[in-house]
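Visitor: Here's a sequence, model it:
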Amino acid sequence: MCLPAAGHWNRRTFLKASAILSASSFAPGLSLRAASPSLSPIQPSLMPFPMTAVRLSAGIFQSSAEVNQHYLETLSTDRLLHSFRLTAGLSSTAEPYGGWELPTSELRGHFAGGHYLSAAAFAYVSSGNEVLRSRADALVAGLAACQKANGNGYVSAFPTSFFDRLSRGEKVWAPFYTLHKIFAGLLDMYQQTGNEDALHVAEGIAAWTSGYFAKVGEDQRLLILKNEFGGMNESLVNLAQITGQERYLATAKLFEQPWLLDSLANGKDNLTGLHANTTVPKIIGAARAYEVTGERRYRDLAEYFLDDVLRNRTYAIGNTSDSEHWRYPAGDMKCTLSLKNAECCVAYNLMKLDRLVFRWTADAHWMDEYERTLLNARLGTQNPQGLKQYFFPLAAGYWRAFNSHDESFWCCTGTGAEDFAKFNDTIFFHSAEDLYVNQFVASELLWKEKSFGLRQNTGFPMQQATQLIVQTDKPQERTVFVRIPRWLGPSAAVKINGRPFQADLRPGTYLPLRRSWNNGDKIELTLPMQLSEEILPGDPSSVAVSFGPLVLAANLGDGPKDGPTKFIHGRPTVPKVDAKPSPLPPRTAISLQSAENLRFSAANKSLNILPIFQIQDQKYSVYWHKDPA
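Guide: Down below sits the predicted model:
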């Protein structure tokens, strides 16, 4: 994460708060001088189930979630709160964590007070993890005590002087970015666990933010927004919907940048040179603004942005960016394969946006994209100790590198901890009466309001099939929509209760199965995979090979052990590797050796080939060189 590239900012008048918070007053009920944007929520086509309604079953996703929970359980609440307490003038004898959480780091608090809360809340509702619920409740109580000591609604692990520097245009490392993480973590604690104190602290942050902007002019505001601010607009919109208070929408608009949003609303890509993970959260905020206000412009720009990035700026693994930026024009990613591709935070945020747009459209395309990113750019970015990856190198000969337990706390450590805590949040969606099966993940759903459930038995992606078993006390007529993925190969088939079901299995659509369902009814879907190629946008000579949704990688041997030759973000020892893609064997020369273990080999080569998510400590190559025809 770093400051976004400078661009051109147009002027625009925004609503401002009329009241100015004094240094000693905390007034969460600020009123605004002008009329606020209106709360006029849309009714999305589809809705996700609460995570309490979906439980993961035995398989790679459940195992990965449990590893992540264990990692979160090893972290100390007192150590996480250390810098918050010192900043608020409270005592702390805890040993501080290192890396980006050091007491001297200007980003301190982003993980300790933010990502951790979100991840713990998600883990609790996903699995019933009471240890993490208790730790997160204690962390909220600690933040509330710090906010009370500050006396003005502010709470962070660094002083308000950082925001003074920001308003003066002085160099400072993204204070609103960190404040957003804390803000979002508190809202997740309230929405997922019902912690009322978390909501109160979040409203205090919103009030302090309104007061801050009331004291700056328009030129200052535009200057402030040149510094990365995360998803402040998203969290403020969320708070408006939670509380029904429209004044938070007005504060959210203070984080909008017309130079970016207007261009996207007009179907123009002005993303070249921008910092990717600074930009995607701004669009997520716009997408949520559409859902809460009904203003169609927000939807149009979000859909255009997402489609544009996925088509023209994304690698085969379903993630984007080089050295955290879009350093290349749309559709021209030639010569971008490097050590610092695909910052993992970006994948996390692209999946959030996939999910939002799917809610409006019910278009299988967005769930295909979600799956691509999930299986290739998320799964595999955690090691057996629960440590997370930052960059995702795509030049040949590099390897994965993970954070240390106490001395890193990168942005991607935080988003990874959140991601691996909520694998169950997108498997199933629903409309008023019907059910959508989006992802092939071993899991169990209970639709409590309808007394209807599904158990999904699958070993996917090692098993090229899934089975759905109906659970209901009485016969129910409804439609179960099952995604027919775009990568589906020949000989796909559907059976219901063991009998073939004649259907048009068009890849990239949903198959509607409407009938009166009885307890124990079974839907069986075979999911044959086949090899395919995908060129690097703008470079037909660089090609990735996939098997179904799985991007394949050549195993190039063991990577370096921990030490000076292993890349650690912030203090890199850049290794010398052969960054040229390997010559591409014809698809017919790649043969499947083990379906269960997903092992492949290339004819005439001593290379083992496997899905990229199964690569851990090996050097690898994802892209192959293909001679022009």
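
Visitor: and Trp487, how far is that from Trp259?
Guide: Distance, Trp487 to Trp259, using CB to CB, to the nearest Å: 38 Å. Just so you know, the C-beta spots here come from the backbone N, C-alpha and C atoms, and that holds for glycine as well.

Visitor: Of those two, which one has the most company?
Guide: Using other CB atoms under 10 Å, the more surrounded residue of Trp487 and Trp259 is Trp487, with 19 against 15.

Visitor: Confirm for me that the more buried one is in contact with Pro528.
Guide: No: shown here, Trp487 and Pro528 do not form a contact pair, counting by CB atoms under 8 Å, at 9.6 Å.

Visitor: Identify the contacts common to those two.
Guide: Common neighbours of Trp487 and Pro528, counting by CB atoms under 8 Å, 6 or more residues apart in numbering, are Gly548.

Visitor: Quick check: mean pLDDT of stretch 71-85?
Guide: Across stretch 71-85, the average pLDDT comes to 98.

Visitor: What of stretch 194-203?
Guide: pLDDT averaged over stretch 194-203 gives 98.

Visitor: in that stretch, what counts as buried?
Guide: 195, 197-199, 201-203 (16 or more other CB atoms under 10 Å).

Visitor: likewise stretch 201-215?
Guide: 201-214.

Visitor: Okay, and which of those residues map to helices?
Guide: Within the buried residues of stretch 201-215, residues falling in helices by DSSP state H are 201-214.

Visitor: Quickly check those for the two that are furthest apart.
Guide: Among these, the pair separated by the greatest distance (CB to CB) is Val201 and Ala214, at 20.6 Å.

Visitor: count of neighbours near the residue nearest to Thr336 when sequence neighbours are not counted?
Guide: Nearest non-adjacent residue to Thr336, counting by CB to CB, 6 or more residues apart in numbering: Asp322, 4.6 Å away. When counting by other CB under 10 Å, one arrives at 23 neighbours for Asp322.

Visitor: Same check on Gln257?
Guide: So Gln257, with other CB under 10 Å, has 20 neighbours.

Visitor: Please read off the pLDDT at it from the model.
Guide: In this prediction, Gln257 has a pLDDT value of 96.

Visitor: One more: Asp578?
Guide: In this model, Asp578 is scored at 53, pLDDT.

Visitor: same deal with Ile317?
Guide: So, for Ile317, pLDDT stands at 98.

Visitor: Can you read off the backbone torsions of it?
Guide: Per-residue torsions, Ile317: phi -70, psi -10 (degrees, to the nearest 10).

Visitor: Run a quick neighbour tally on it.
Guide: Quick note: Ile317 (other CB under 10 Å) scores 25 neighbours.

Visitor: And the nearest residue to it once chain neighbours are set aside, how far from His70?
Guide: Leaving aside its sequence neighbours, Ile317 sits nearest to Asn376 (CB to CB, 6+ apart; 4.0 Å). Asn376 sits 24 Å away from His70, taking CB to CB as the criterion.

Visitor: For the residue sitting nearest the centre point of the chain, give me phi and psi.
Guide: In the chain, the C-alpha nearest the mean C-alpha coordinate belongs to Tyr348, at 1.9 Å (CA atoms, centre = their mean). Backbone torsions for Tyr348, taken as degrees, to the nearest 10, come to phi -60, psi -50.

Visitor: residues contacting the closest residue to it other than its chain neighbours?
Guide: With sequence-adjacent residues excluded and distances taken as CB to CB, 6+ apart, Tyr348 is closest to Thr415, at 4.0 Å. By CB under 8 Å, 6+ apart, the contact list for Thr415 reads 115, 344-345, 348-349.

Visitor: Take these and keep only those in helices.
Guide: 344-345, 348-349.

Visitor: ok, of those residues, which come out buried?
Guide: 344-345, 348-349.

Visitor: Among those, which one sits closest to Ala302?
Guide: Asn349 (12.2 Å).

Visitor: Ser321 versus the closest residue to that closest one other than its chain neighbours, what's the distance?
Guide: Of all residues not flanking Asn349 in the chain, Val280 sits nearest, at 4.1 Å (CB to CB, 6+ apart). Val280 is 10 Å from Ser321, where distance means CB to CB.

Visitor: Of the two, which one has the most company?
Guide: Ser321 (30 against 25).

Visitor: show me the contacts for that one.
Guide: Contacts of Ser321 (CB under 8 Å, 6+ apart): 276-277, 341-343, 346.

Visitor: Find me the pLDDT at it, would you?
Guide: With respect to pLDDT, Ser321 has a value of 97.

Visitor: likewise Ala35?
Guide: 48.

Visitor: Name the secondary structure element that contains Val67.
Guide: According to DSSP states H and E, Val67 maps onto helix 60-73.

Visitor: Can you give the contact residues for that helix?
Guide: Applying CB under 8 Å, 6+ apart, the set of residues contacting helix 60-73 is 56, 116, 119-120, 123, 126-127, 129, 131-132, 135, 379, 382, 384-387, 416-417, 420-421, 423, 441-443, 462.

Visitor: so where's this protein uncertain?
Guide: 1-36, 562-588, 603-606, 628-629 (pLDDT under 70).

Visitor: Longest helix in it, please.
Guide: helix 130-150.

Visitor: which helices and strands does it pack with?
Guide: Secondary-structure packing of helix 130-150 (3 or more CB pairs under 8 Å, 6 or more residues apart in numbering; DSSP states H and E): helix 60-73, helix 77-87, helix 116-127, helix 175-193, helix 196-214.

Visitor: Closest one to Arg359 out of the contacts of Ser321, please.
Guide: Val346 (20.7 Å).

Visitor: ok, the closest one - contacts?
Guide: 276-277, 280, 319-321.

Visitor: next one: Trp517
Guide: 452, 470, 472, 475-478, 480.

Visitor: domains of this structure?
Guide: Here the domain assignment for the chain is 76-90+97-229, 429-526, 531-625, based on automatic domain parsing.

Visitor: Tabulate these (TSV), appending distance to Leu356.
Guide: Formatted as TSV, those follow (distance: least, CB to CB, whole Å):
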stretch	distance to Leu356
domain 76-90+97-229	15
domain 429-526	12
domain 531-625	21
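
Visitor: So the residue nearest to Thr336 is in contact with Lys340, correct?
Guide: Yes: in this structure, Asp322 is within contact of Lys340 by CB under 8 Å, at 6.5 Å.

Visitor: Helices of the stretch 151-300 of the chain, start to end?
Guide: 161-167, 175-193, 196-214, 218-224, 232-243, 247-253, 258-265, 276-293, 296-312 (DSSP state H, counting those that start in this stretch).

Visitor: can I get the CA coordinates of the second one in CSV?
Guide: Extracted C-alpha coordinates of helix 175-193, given in CSV (Å, rounded to 0.1, in the frame of the first residue of the first chain):
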residue,chain,number,x,y,z
PRO,A,175,-4.5,8.4,8.2
PHE,A,176,-8.0,8.1,6.8
TYR,A,177,-7.1,4.7,5.4
THR,A,178,-6.3,3.5,8.9
LEU,A,179,-9.4,5.3,10.4
HIS,A,180,-11.5,3.5,7.9
LYS,A,181,-10.2,0.1,8.9
ILE,A,182,-11.1,0.8,12.5
PHE,A,183,-14.5,2.2,11.5
ALA,A,184,-15.3,-0.8,9.3
GLY,A,185,-14.2,-3.3,12.0
LEU,A,186,-16.5,-1.6,14.5
LEU,A,187,-19.4,-1.8,12.1
ASP,A,188,-18.7,-5.5,11.4
MET,A,189,-18.7,-6.2,15.1
TYR,A,190,-22.1,-4.5,15.4
GLN,A,191,-23.7,-6.1,12.4
GLN,A,192,-22.3,-9.6,12.9
THR,A,193,-22.3,-9.9,16.7
